[in-house]
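A.B. asks: fold the following and give me the result.
(one chain, ligands or ions: 1)
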Amino acid sequence: MKKVILGNWKLNKTHREARDFFDEILKKDLSALSDVQLGVAPSFTSIGFAPEKDKRGQFWLGAQNVSAYLEGAYTGEVSIKQLRALDVDFVIIGHSERRALFAESFELISQKLNLALKHSLKAVLCIGETKEEYQAGQEQEVIEKQLSSAIEALEETQAKNLLIAYEPVWAIGTGLSATPDQVQKTHAFIRSLLTKKWPNLGNDLPILYGGSVKPENAYELFSEKDVNGALIGGASLKVDSFFQIAQHARRTS
Ligand code: PGA
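C.D. replies: Just a heads-up that it's a prediction; the model follows:
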């Protein structure tokens, strides 16, 4: 399966800084990475300043969030329709920061996911346990609940645009990545849940790992069978580290 390397810029970069990143990375020889899918999700304010689809080529443009509504009286929201008009390729849904800091419920996440997929946007569903849940040995239980509540109502035809990002909360932004063994074990569990629901498609859906991925640990993580790429926060902000991680992905493709 083609490895997928996505950046999540979170609340960083002005539109000018975002433009500089695109200028710099698109100058690189990306043809050597043609078997790796690349993409970044900047803030909404930068999306309209990203290079147009024909100029960014293999590079996906993403959003970090999307409204559960398509249009109407919802002050401050950004809709799928608006994202699609800017040729956005994917949206991140259910990131742990949105679950914890912005009180996103299972129900809201499921609504957003279903709507995004229905409107042919690729959706990266983030799931993962907290430190307390990890220490209590509850990671599988937590992951199963987060995944099944989000995909319960999803039809197989729409699910082909689904990607999963396993992001243990204790590894996000902490410098403490989960070990490749731990990640593989959890990804295999997620794979088993996906194939239980969709016996064929479940094997083709990318499962990305996120949580302190950097050039130093990327190769080992990507060498695991069910690690199909990464969702990268801090290390995606600089072209060099992002590009190096993508090169590691290529070495394991
Ligand atoms: P990190 O963030 O790479 O900075 O740990 C990952 C994420 O939150 O998606």
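A.B. asks: which one of the residues in the stretch 1-150 of the chain is closest to the ligand?
C.D. replies: residue 8 (4.2 Å; CB to the nearest ligand atom). In this view, the C-beta of every residue, glycine as well, is placed from N, C-alpha and C.
A.B. asks: no, scratch that, I was asking about the stretch 101-250 of the chain
C.D. replies: For the stretch 101-250 of the chain, CB to the nearest ligand atom, closest residue to the ligand: residue 233, 2.3 Å.
A.B. asks: surely that residue meets residue 172?
C.D. replies: Yes - Residue 233 lies in contact with residue 172 (CB atoms under 8 Å); the separation is 6.7 Å.
A.B. asks: touching both of the two, which residues are there?
C.D. replies: residue 210 (CB atoms under 8 Å, 6 or more residues apart in numbering).
A.B. asks: tell me which stretches of the stretch 151-253 of the chain form helices.
C.D. replies: 156-159, 180-197, 215-222, 239-251 (DSSP state H, counting those that start in this stretch).
A.B. asks: and residue 17, which of those helices is closest to it?
C.D. replies: helix 239-251 (11.4 Å; CB to CB).
A.B. asks: so what sits opposite residue 62 in the bridge?
C.D. replies: According to DSSP bridges, the residues that bridge with residue 62 are residue 90.
A.B. asks: mind pulling up the pLDDT for the residue of the chain positioned farthest from its centre?
C.D. replies: For the chain, the largest distance from the centre (CA atoms, centre = their mean) belongs to residue 73, which lies 28.6 Å off. Per-residue pLDDT puts residue 73 at 98.
A.B. asks: give the contact list for it.
C.D. replies: Taking CB under 8 Å, 6+ apart, one finds nothing in contact with residue 73.
A.B. asks: wasn't it part of a helix?
C.D. replies: No - Residue 73: not assigned to a helix; according to DSSP: H, G, I helix; E, B strand; the rest coil it is coil.
A.B. asks: A helix includes residue 124, no?
C.D. replies: No - looking at residue 124 with three-state DSSP, it is strand, so not inside a helix.
A.B. asks: hmm, it is touching residue 93, no?
C.D. replies: Yes - using CB under 8 Å, residue 124 is in contact with residue 93, at 6.7 Å.
A.B. asks: which residues of the stretch 51-200 of the chain lie near the ligand?
C.D. replies: With CB under 6 Å from any ligand atom as the criterion, the stretch 51-200 of the chain comes near the ligand at residues 167, 172, 173.
A.B. asks: next up, the contacts around the spatially most central residue of the chain.
C.D. replies: Closest to where the C-alpha atoms of the chain average out (CA atoms, centre = their mean) is residue 124, at 4.3 Å. For residue 124, the residues meeting the contact criterion (CB under 8 Å, 6+ apart) are 6, 62, 90, 91, 92, 93, 163, 164, 165, 208, 231.
A.B. asks: quickly list what it is bridged to.
C.D. replies: Taking DSSP bridges as the rule, residue 124 bridges to residue 92, residue 163.
A.B. asks: returning to that earlier point: including mean pLDDT and mean neighbour count, could the helices of the stretch 151-253 of the chain go into JSON lines?
C.D. replies: Formatted as JSON lines, the helices of the stretch 151-253 of the chain follow (pLDDT from 0 to 100; neighbours: other CB atoms under 10 Å):
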{"stretch": "helix 156-159", "mean pLDDT": "95", "mean neighbour count": "14"}
{"stretch": "helix 180-197", "mean pLDDT": "97", "mean neighbour count": "17"}
{"stretch": "helix 215-222", "mean pLDDT": "97", "mean neighbour count": "20"}
{"stretch": "helix 239-251", "mean pLDDT": "97", "mean neighbour count": "19"}
